[in-house]
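**Student:** Show me the folded form of this:
(chains A and B)
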2 protein chains.
Amino acid sequence: MSKDHRKGTVSELGETGLLKLLSERLPVPAGGEVWGGDDTAVLERPDGRLLVTVDTLVEGFDFDLSYASGSDVGWKALAANASDIAAMCGRPAQAVTSLALPRSTPLAFVDDFITGLIAAADHWGIALVGGDISEAPTLVVSITLLGAAGDPVTLRSGAVTGDAVYVTGSLGGAAAGLVLLGSRSDRDDPAADRLRARQLRPEPRLEAALWLAGFEPTAMIDLSDGLAVDLSRLLDSSDRGCHIEEELIPIDPDVASVSGLDPLTAAVTGGEDFELLFTVDGERELPATSPGGIAITKIGQVTDSGTRTIGTRDLGALKEKGWDHLR
Amino acid sequence: MSKDHRKGTVSELGETGLLKLLSERLPVPAGGEVWGGDDTAVLERPDGRLLVTVDTLVEGFDFDLSYASGSDVGWKALAANASDIAAMCGRPAQAVTSLALPRSTPLAFVDDFITGLIAAADHWGIALVGGDISEAPTLVVSITLLGAAGDPVTLRSGAVTGDAVYVTGSLGGAAAGLVLLGSRSDRDDPAADRLRARQLRPEPRLEAALWLAGFEPTAMIDLSDGLAVDLSRLLDSSDRGCHIEEELIPIDPDVASVSGLDPLTAAVTGGEDFELLFTVDGERELPATSPGGIAITKIGQVTDSGTRTIGTRDLGALKEKGWDHLR
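**Tutor:** Just a heads-up that it's a prediction; the model follows:
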């Protein structure tokens, strides 16, 4: 961090800028390890590559207890981590949980939280191997997840010019669910319930990722902060540009049912869909769906690093509308 | 968690009670793994046992930025984790850091924090392999540390009747340092500086632990929450009692220089000394100091589970004065 960057506050840099500055302070690993700048760390061990990732959810910023239950928070905290393991085409294995909470927290809430955490762990075959409890003015859940890497691991940095850009599933649903929840919508139709579930009970693409590994993706990232932000991260790591066909982006079909939300905007700038964004050699043909029924959609190409566009729009400008924590 | 325990709030149980209730909800590992109830989790891998521990520091509860610098916080967050690895006679290896902070946080603070974290990591040979950043109303630092276990690992549960109880170093210094810092004492003598450093820049007993492993300790725990609390935890895990000789407890000699603090009380109920408490076969004779110059002091014996005393006092009553988060 240069002397200039000691002035001002965190809000001036945002999450992406702060991570970049911190990474400049930290040592770079030797050999095949990855210590930062990807979805997980990759550690070399005699018996294989170990993936390590941490993700933290903070009440009032990452969830709202006026509509999320303790069980929802427990599920989502583990889901967000599992999605990072998926983005490395890895298998999640063990988790440790740090729970910081006010002493006024109802025990019923803690009981619900652990119910949701256990349900998610069982669902993805993750062992909950420990944790700690602290006091805090507001609820903070931090989970560290260990996993086993495939060989090779799928980093963000491997995309080359001419690769095709793909995405799993559909986009914008979690953002639409957030609008319904935040506005206390009284809709109780199946589409509304499904959108709320996308926000509260995300399903990371673990099975699809293991299947996709067979197609040798050149780069992969999970969509936690929105297509525009996460695509930019992948392209930054690969030092490339892109052209995305606006009309090819698979928008969650139920998003259109939510008034006051432009579906394409939700799909491009909405966060927390926990789909996978990846690149493969442009000559390859991928099936339209995974064996588990997840749509696999080609949305564009990787280009030289000059320009990045979605349709006629500049990715950099769209990115500013995406979710950057701390800005 | 039984239905009865769904009533009320976290404060009625405290940290120890809440951890106990949560552990009843979680599955128990097969084989030689440890998933909870000790200083770290122990995971079996083909290439050896992996230790995993997480520790979280929360502004206003675990540190106070009116006297702790960002660098102090970074150091102590890693030290608290390293001490847990020491208590398993293990070697720390890699850490991931989750930093949740207000957007108004000065960049200079973040820069100082990372300076302290890097200094601690270099000091103990730990690789900082990644992390994440979140927004929160107050600063929360959560570190997960991986380590390599010795064989066998030193759990809390192995103490048997007739074992001798030992402690490393001296006790009460961190509590005395907290009094000086909290009262904004203007003392600038070497004793005061050393006590403040014990609170702000703890030195976990990693080297001493590796040397102690050669004496086959039957049980070990680090002193993070005070002798009374942590001794009770070790004895609970081992299902034993104890008799501790009050006059054998090695009180930090500088504690007596701090007015308004009873040295024995500080030594028995003060937290964060990050010394090691351990038991060995009663027939063994241990050297009075480690090769690194750390005092090794026998303070009592393990007994059948009926009674637990320090001098003429009951350990259970003293424990209530120790530091139990959330009560």
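**Student:** In contact with residue A:240, which residues?
**Tutor:** A:159-161, A:302-305 (CB atoms under 8 Å, 6 or more residues apart in numbering or on different chains). (Glycine included, C-beta is placed from N, CA and C.)
**Student:** Then residue A:39?
**Tutor:** Taking CB under 8 Å, 6+ apart as the test, what residue A:39 contacts is A:53, A:84-85, A:87-88, A:156, A:220-222.
**Student:** out of these, who's near chain B?
**Tutor:** residue A:53 (CB under 8 Å from any CB of the partner chain).
**Student:** Among the contacts of residue A:39, which one is most surrounded by other residues?
**Tutor:** residue A:87 (33 neighbours; other CB atoms under 10 Å in any protein chain shown).
**Student:** quick one: it and residue A:223 touch, right?
**Tutor:** No. Using CB atoms under 8 Å, residue A:87 is not in contact with residue A:223, being 9.0 Å away.
**Student:** Show me whatever sits in contact with both of the two.
**Tutor:** Joint contacts of residue A:87 and residue A:223 (CB under 8 Å, 6+ apart) are residue A:276.
**Student:** Count the residues that sit near the residue of the stretch 151-300 of chain A found nearest chain B.
**Tutor:** When distances are taken as CB to the nearest CB, the stretch 151-300 of chain A reaches nearest to chain B at residue A:224, 10.3 Å away. By other CB under 10 Å, the residues close to residue A:224 number 22.
**Student:** Over to residue A:235?
**Tutor:** Residues within reach of residue A:235, counting by other CB under 10 Å, total 23.
**Student:** buried residues in stretch A:33-50?
**Tutor:** Going by neighbour count (16 or more other CB atoms under 10 Å in any protein chain shown), the buried part of stretch A:33-50 is A:33-43, A:49-50.
**Student:** Separate out the buried members of the contacts of residue A:240.
**Tutor:** Using 16+ other CB under 10 Å, the buried ones in these are A:159, A:302-303.
**Student:** The worst-scoring helix or strand of chain A on mean pLDDT near chain B at all?
**Tutor:** One helix or strand of chain A scores below all others by mean pLDDT, DSSP states H and E: helix A:14-25, with a mean of 85. Yes. Under the criterion of CB under 8 Å from any CB, chain B is reached by helix A:14-25 at A:15, A:18-19, A:21-22, A:25.
**Student:** residues in contact with residue A:48?
**Tutor:** A:148-149, A:151.
**Student:** ugh, typo on my part, it should be residue A:231
**Tutor:** A:165, A:221, A:242, A:244, A:277, A:308, A:315.
**Student:** Please narrow those to those residing in helices.
**Tutor:** Among the contacts of residue A:231, DSSP state H puts residue A:315 in helices.
**Student:** ok, so of the contacts of residue A:231, who is nearest residue B:181?
**Tutor:** Set against residue B:181, the nearest of these by CB to CB is residue A:221 (43.9 Å).
**Student:** hmm, back to that, for the contacts of residue A:39, give me TSV that also has pLDDT and distance to residue B:282.
**Tutor:** Formatted as TSV, the contacts of residue A:39 follow (pLDDT from 0 to 100; distance: CB to CB, whole Å):
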residue	pLDDT	distance to residue B:282
A:53	97	45
A:84	98	49
A:85	98	47
A:87	98	54
A:88	97	50
A:156	96	57
A:220	98	58
A:221	98	58
A:222	98	55
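**Student:** Where does the closest residue to residue A:89 other than its chain neighbours sit: helix, strand or coil?
**Tutor:** Nearest residue to residue A:89, sequence neighbours excluded (CB to CB, 6 or more residues apart in numbering or on different chains): residue A:213, at 4.0 Å. What DSSP: H, G, I helix; E, B strand; the rest coil gives for residue A:213 is helix.
**Student:** Next up, the contacts around residue A:213.
**Tutor:** Neighbouring residues of residue A:213 by CB under 8 Å, 6+ apart: A:89, A:150, A:154.
**Student:** how about the helices of the stretch 151-300 of chain A, start to end?
**Tutor:** Using DSSP state H, counting those that start in this stretch, the helices of the stretch 151-300 of chain A run over A:173-182, A:190-200, A:206-212, A:227-238, A:263-269.
**Student:** Between these, which one is closest to residue B:257.
**Tutor:** So among the helices of the stretch 151-300 of chain A, helix A:227-238 is nearest, using CB to CB, at 54.0 Å.
**Student:** what's the angle from that closest one to helix A:14-25?
**Tutor:** 20 degrees (axes from the mean of the first three to the mean of the last three CA atoms, to 10 degrees).
**Student:** Flag the shaky bits of chain A, pLDDT-wise.
**Tutor:** A:1-5, A:322-327 (pLDDT under 70).
**Student:** let's see it at 50
**Tutor:** Residues of chain A meeting the criterion pLDDT under 50: A:1-2.
**Student:** Taking the centroid of chain A, which residue is nearest it?
**Tutor:** residue A:224 (2.7 Å; CA atoms, centre = their mean).
**Student:** Now for that one: which residues touch it?
**Tutor:** A:80, A:83-84, A:230, A:271-272, A:274.
**Student:** Out of those residues, who's the most crowded?
**Tutor:** In terms of neighbours by other CB under 10 Å, the contacts of residue A:224 top out with residue A:83 at 29 neighbours.
**Student:** Now do the domain split for chain A, please.
**Tutor:** The record's domain parsing of chain A by automatic domain parsing lists A:31-148, A:164-319.
**Student:** and those as TSV, adding distance to residue B:256?
**Tutor:** As requested, the domains of chain A are exported to TSV (distance: least, CB to CB, whole Å):
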stretch	distance to residue B:256
domain A:31-148	31
domain A:164-319	54
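**Student:** so where do the strands sit in chain A?
**Tutor:** Remark: strands assigned in chain A by DSSP state E are A:41-45, A:48-58, A:91-101, A:127-135, A:140-148, A:164-168, A:219-222, A:241-244, A:276-280, A:296-303, A:308-310, A:313-314.
**Student:** List the contacts of residue A:251.
**Tutor:** A:170-172, A:263-264, A:266-267.
**Student:** How much space separates residue A:266 from residue B:301?
**Tutor:** According to CB to CB, to the nearest Å, residue A:266 stands 67 Å off from residue B:301.
**Student:** So for those two, which sits in the more crowded spot?
**Tutor:** Neighbour count, other CB under 10 Å: between residue A:266 and residue B:301, residue A:266 has more, with 24 against 18.
**Student:** Quick check, residue A:92 in contact with residue A:84.
**Tutor:** No. The criterion here is CB under 8 Å, and residue A:92 misses it with residue A:84 at 9.1 Å.
**Student:** Could you pull out the residues contacting both of those two?
**Tutor:** Joint contacts of residue A:92 and residue A:84 (CB under 8 Å, 6+ apart) are residue A:145.
**Student:** Please identify which of the buried ones among the contacts of residue A:240 is nearest to residue B:177.
**Tutor:** Taking the buried ones among the contacts of residue A:240 together and measuring to residue B:177 by CB to CB, the closest member is residue A:159, at 52.0 Å.
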